[in-house]
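Novice: Need a 3D model of the following:
(one chain, ligands or ions: 1)
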Amino acid sequence: MASKKESFLGTLGFVVAVCLVCAALVSVSAVGLKDRQVANKLLDQQTKILEAAGLLELGEKDGIVATYNKFVTAKMINLDTGEYIDGNPDMFEERRDARDVTKSIKPASDIAGINRRANSAVVYLVRNGAGTVDTVILPIVGSGLWDLMYGFIGLEEDVNTVKSVVYSDHKETPGLGAEVMNPNWKALWPGKKMYDEQGDIAIRIVKGNAKKGDIHGVDGLSGATLTSVGVEKTIHFWLGEEGYGPYIANLREKGLN
Ligand SMILES: Cc1cc2nc3c(=O)[nH]c(=O)nc-3n(C[C@H](O)[C@H](O)[C@H](O)COP(=O)(O)O)c2cc1C
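Specialist: Predicted structure coming up:
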């Protein structure tokens, strides 16, 4: 009886010791790999920005970081005024600021389903080979079917023609909403116009196929109408007055350079 009790305690002690050793190993590797995780996250973000800028092929040839540093400048803006502000774009996290009531607002019309919107944002200005800024990349976030989806819209110099819509992070279903990442769907965006001639936001995702020649219509994702609606609402929110509207108005007035 006594030896049974001892062996039970021994087993328990062994289990606890193994747990402690494993917990220590996990903590040490989590701390040790933190820098690498941050670097990988940054690299992933720079890759997506180059893709949105149409520079991914060049980046893969010449190196992502080198190409990003050569052509892209990140700047902070105040979303309410649309003006550039001081601040380190590398340290900015939209969702972290959005959780802080002193650094965010509750949108009057939360069509993107984000709950709160940070007061600041990072925008990316992209130079061409001649050194002239001809593309602006705007980060977007909004609800899909299952969770928030993060991405970028790239606009050409007229701040109307679409260069790209590139999603970087989402939790949509593979084969359905996750088709936002499908190159064939991404290829439908370049050349579309975000605004109509009256200056109203006119881009929309059409269930099924957009009519040939429809400059504002993009085919919906088949079997994923809810994700498609989320993408459209997200873009409308971020192009609107509570998103980049004031910044876009400034760019139109003063130009990208
Ligand atoms: C397991 C499961 C996962 C789904 N994932 C998505 C999704 O990621 N995005 C989406 O829009 N619809 C998704 N749907 C389908 C939606 O419930 C809905 O039927 C669909 O958006 C309607 O699109 P449709 O009108 O193009 O068929 C999913 C359905 C099921 C059962």
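
Novice: measure the residue in the stretch 51-200 of the chain positioned nearest to the ligand to Trp146 for me?
Specialist: Proximity of the stretch 51-200 of the chain to the ligand (C-beta to the nearest ligand atom) peaks at Gly177, 2.7 Å away. For glycine as for every other residue, the C-beta is placed from the backbone atoms N, C-alpha and C. Gly177 sits 7 Å away from Trp146, going by C-beta to C-beta, to the nearest Å.

Novice: what do you get for Leu56?
Specialist: Per C-beta to C-beta, Leu56 is found 27 Å from Trp146.

Novice: So which of the two has more stuff around it?
Specialist: Leu56 (18 against 14; other C-beta atoms under 10 Å).

Novice: mind listing what the nearest residue to the more buried one once chain neighbours are set aside touches?
Specialist: With sequence-adjacent residues excluded and distances taken as C-beta to C-beta, 6 or more residues apart in numbering, Leu56 is closest to Leu50, at 4.9 Å. Contacts for Leu50 (C-beta atoms under 8 Å, 6 or more residues apart in numbering) come out as 56, 58-59, 64, 67-68, 71-72.

Novice: Next, format the residues you listed as JSON lines and append distance to Gly129.
Specialist: Output for the contacts of Leu50, formatted as JSON lines (distance: C-beta to C-beta, whole Å):
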{"residue": "Leu56", "distance to Gly129": "16"}
{"residue": "Leu58", "distance to Gly129": "10"}
{"residue": "Gly59", "distance to Gly129": "14"}
{"residue": "Ile64", "distance to Gly129": "18"}
{"residue": "Thr67", "distance to Gly129": "12"}
{"residue": "Tyr68", "distance to Gly129": "15"}
{"residue": "Phe71", "distance to Gly129": "9"}
{"residue": "Val72", "distance to Gly129": "14"}
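
Novice: Quick check: PyMOL command selecting the buried ones in these.
Specialist: Provided next is the PyMOL selection string for whichever of the contacts of Leu50 are buried by 16 or more other C-beta atoms under 10 Å:
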select buried, resi 56+58+59+64+67+68+71+72
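
Novice: So which of the contacts of Leu50 belong to strands?
Specialist: Among those, the members falling in strands are Val72 (criterion: DSSP state E).

Novice: right, and the secondary structure at the residue nearest to Leu56 would be what?
Specialist: Per DSSP: H, G, I helix; E, B strand; the rest coil, the local secondary structure of Leu50 is helix.

Novice: Please tell me how far it sits from Glu57.
Specialist: 9 Å.

Novice: where are the low-confidence patches of the protein?
Specialist: 1-6 (pLDDT under 70).

Novice: how long is stretch 172-191 end to end?
Specialist: 26 Å (C-alpha to C-alpha, to the nearest Å).

Novice: same check, this time on stretch 85-93
Specialist: 15 Å.

Novice: What are the buried residues along it?
Specialist: Result for stretch 85-93 [16+ other C-beta under 10 Å]: buried residues Phe92.
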